[in-house]
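Student: A structural model of the following input is requested.
(chains A and B)
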Amino acid sequence: MTLAPALGTSALALENITCTFVSRDDRSQRYTALRDTTLAVAPGEFVAVVGPTGCGKSTLLNIAAGLLEPSAGSVSVLGEPLAGINARAGYLFQTEALMPWRNALDNVTAGLEFRGVQRNEYLAKGNEWLRRVGLGGFGDRYPHQLSGGMRKRVSLAQTLILNPQILLMDEPFSALDVQTRQLMENELLELWSADRKSVIFITHDLEEAIALSDRVVVLSAGPEAHPLGEYRIGLPRPRDVAEVRLTPRFLELHAEIWHAMKAEVLKGYAQQLQ
Amino acid sequence: MRSSSSSPALRAWQLLLLAGLFLAWHVLAVPGIVPPIYFDDPYKAAFFFGEPLKVLGRIWNWFVGGDIYRHLWVTLLETMLAFVIGTVSGIVIGIWLALAPTASAIFDPYIKALNAMPRVILAPIFFVWFGLGIASKVALGVTLVFFIVFFNVYQGVREVSPVVLANARMLGATQKQLLRYVYLPSAMSWVFASLHNSVGLAFVGAVVGEYLGSAEGVGYLILQAEGVFDINTVFAGILVLTAFALVLDGAVTLVEKRLMVWQPRSGETERI
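Tutor: Now for the predicted structure:
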């Protein structure tokens, strides 16, 4: 745990989080997704969390977002305990999260509208953000008229327009094809390097985790998932996610982390088969 | 009412079928054209089924002479009022119960009972409460429309995608904003699916109400004609009602197309 920032100075700190779900029909049926998990993110740090499927990665993120209350443990944001929704965080969901009844521009500006920003002001900002994610002329399209990659860009603009200090990303690119995915990863890095938000990036893809992040945290297989280890990724920035994968240092890191993960992945896979 | 049904060839076939039906009606009903097939008396077919030319003549006289407008206005007013009041109350109460699980659990058996009840039997009570004027017909129509819209809204609110909801909350939506920007639009697609049904039932409420007791309205005209065995006028009333039901249904379709542009239609998805 020496690599993590001190909890007091971190942008987001999850301390000794335990999360147990109880079945609504049968109170004795319980499932502990996370046990004693501590994770801190420094200001401006890009942390990737990897782990086998079903290990509670999304649960961890929902707790950080304030969408889910942990059974035990505490969450603090910029030194203050979190109550309710984490207003300083933006959340990029794994599945479709755009409002299908709003066109791309109205989706991007939704957060500003909720905050009571003047209409002409938020429309101008919305158009600027659409241009920034490469969707300049697509403001009047509805989500069903956009491709999967375009919808992800709209989601990204929708989150970043609010300028959150913390960015929570739950396998945001997992549904995209490989080429679109690498493009999106590069764009994400470029947008992020502009003002260095604190990021928690959840993924099951170790290569993606290493290519993007400053630090990789490996979670064990669930139930009762907990961090197994963490690795500082010292690769120089700016990075190109396609090229960085070919560097010797990347391959070294990949081999090292994969070695630690392999047993957990097999464990998680075996549990899925049961 | 999609593009396929408005192509000229299809329209021509549809009109041809209509003409064919009227022709068959004319040939079979008017005495003296074909020998009686079922009835022993050649005039009986016309007595029971009317004669299309006389029926159309009656409709013509109604509209040219102007007798019909007062009755038609009353029936349409009852229909529209029942439709609007039933729809709005269905939306409001549907959203409320969908978001309040305890209230929903308490009211559940009552709503099921009210829905299962044949609500036309409420007509006599409404006549006592609201008199023989417009109000009792509107009340009857509302009881028919309300439940259709209510159940659809209830379902619509419950089936809001949890991810879309969580996303809106992360974007900073308050409880009130969630209602306006997430629950309501999501429920509206279900409401529009039900509006075609409910506009028909609003009509049923108005006409059945008039038929059971009134002094004006198309239902009243039909009742009067039936009393003197004037079958041609009965059929004329039925045709006029059908035509206006189609007009109302078309109006709902128009509104739906304007408001539901965000919904994918077949052949239009992924248009980039």
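Student: okay, and for chain A, where does confidence drop off?
Tutor: Along chain A, segments meeting pLDDT under 70 span A:1-8, A:54, A:274.
Student: What residues does it have near chain B?
Tutor: A:65, A:67, A:85-87, A:89-91, A:93, A:95-103, A:110-111, A:113-115, A:142-147, A:150, A:158-159, A:162 (C-beta under 8 Å from any C-beta of the partner chain). Placement of C-beta: from N, CA and C, glycine included.
Student: and if we set it to 7 Å?
Tutor: Proximity of chain A to chain B (C-beta under 7 Å from any C-beta of the partner chain) is limited to residues A:65, A:67, A:85, A:87, A:90-91, A:93, A:95-97, A:99-101, A:110-111, A:114-115, A:142, A:144-145, A:147, A:158, A:162.
Student: From those, keep the buried residues only.
Tutor: Neighbour counting over the residues of chain A next to chain B (16 or more other C-beta atoms under 10 Å in any protein chain shown) leaves A:65, A:67, A:85, A:90-91, A:93, A:96-97, A:99-101, A:110-111, A:114, A:142, A:144-145, A:158, A:162 as the buried ones.
Student: returning to that earlier point: cross the residues of chain A next to chain B against helices and list the overlap.
Tutor: A:65, A:110, A:111, A:114, A:158 (DSSP state H).
Student: how close does residue A:122 sit to chain B?
Tutor: 12 Å (C-beta to the nearest C-beta, to the nearest Å).
Student: what about the closest residue in space to that residue that isn't next to it in sequence, how many neighbours?
Tutor: Excluding the flanking residues, the one nearest residue A:122 by C-beta to C-beta, 6 or more residues apart in numbering or on different chains is residue A:112, at 3.8 Å. For residue A:112, the neighbour count with other C-beta atoms under 10 Å in any protein chain shown is 22.
Student: Does anything pack onto the worst-scoring helix or strand of chain B on mean pLDDT? Which helices or strands?
Tutor: Every helix and strand in chain B was compared by mean pLDDT, DSSP states H and E; the lowest is helix B:44-49, with a mean of 82. Counting contacts by 3 or more C-beta pairs under 7 Å, 6 or more residues apart in numbering or on different chains; DSSP states H and E, helix B:44-49 is packed against helix B:8-29.
Student: try 10 Å this time
Tutor: helix B:8-29, helix B:231-259 (3 or more C-beta pairs under 10 Å, 6 or more residues apart in numbering or on different chains; DSSP states H and E).
Student: The ones you listed: which one's closest to chain A?
Tutor: For chain A, the closest of the helices and strands packed on helix B:44-49 is helix B:231-259, at 9.3 Å, according to C-beta to the nearest C-beta.
Student: got the angle for the closest one vs helix B:8-29?
Tutor: Helix B:231-259 and helix B:8-29 are oriented at 160 degrees to each other (axes from the mean of the first three to the mean of the last three C-alpha atoms, to 10 degrees).
Student: Now helix B:231-259: average pLDDT?
Tutor: What helix B:231-259 shows for mean pLDDT is 89.
Student: Going by neighbour count, list what's buried in that helix.
Tutor: Buried positions in helix B:231-259, judged by neighbour count with 16+ other C-beta under 10 Å: B:231-237, B:240-241, B:244-245, B:248-249, B:252, B:256.
Student: Then stretch A:226-238?
Tutor: Buried, per 16+ other C-beta under 10 Å, within stretch A:226-238: A:226, A:227, A:228, A:230, A:231, A:233.
Student: Between the two ends of it, how far is it?
Tutor: Its start and end residues considered, stretch A:226-238 measures 31 Å (C-alpha to C-alpha, to the nearest Å).
Student: what does the stretch 51-200 of chain B put close to chain A?
Tutor: B:161-174, B:177-178, B:181-182, B:184-186, B:188-189 (C-beta under 10 Å from any C-beta of the partner chain).
Student: Measure how far stretch B:162-174 is from the centre of its chain, please.
Tutor: Distance of stretch B:162-174 from its chain centroid, counting by C-alpha atoms, centre = their mean, to the nearest Å, is 36 Å.
Student: picking that back up, can you put the ones in helices among the residues of chain A next to chain B in JSON lines and add distance to residue B:261?
Tutor: Below are these laid out as JSON lines (distance: C-beta to C-beta, whole Å):
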{"residue": "A:65", "distance to residue B:261": "32"}
{"residue": "A:110", "distance to residue B:261": "18"}
{"residue": "A:111", "distance to residue B:261": "23"}
{"residue": "A:114", "distance to residue B:261": "23"}
{"residue": "A:158", "distance to residue B:261": "20"}
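Student: Pick out whichever of these sits closest to residue B:194.
Tutor: residue A:110 (27.2 Å; C-beta to C-beta).
Student: Not counting residues beside it along the chain, what's closest to that closest one?
Tutor: Of all residues not flanking residue A:110 in the chain, residue B:171 sits nearest, at 5.5 Å (C-beta to C-beta, 6+ apart).
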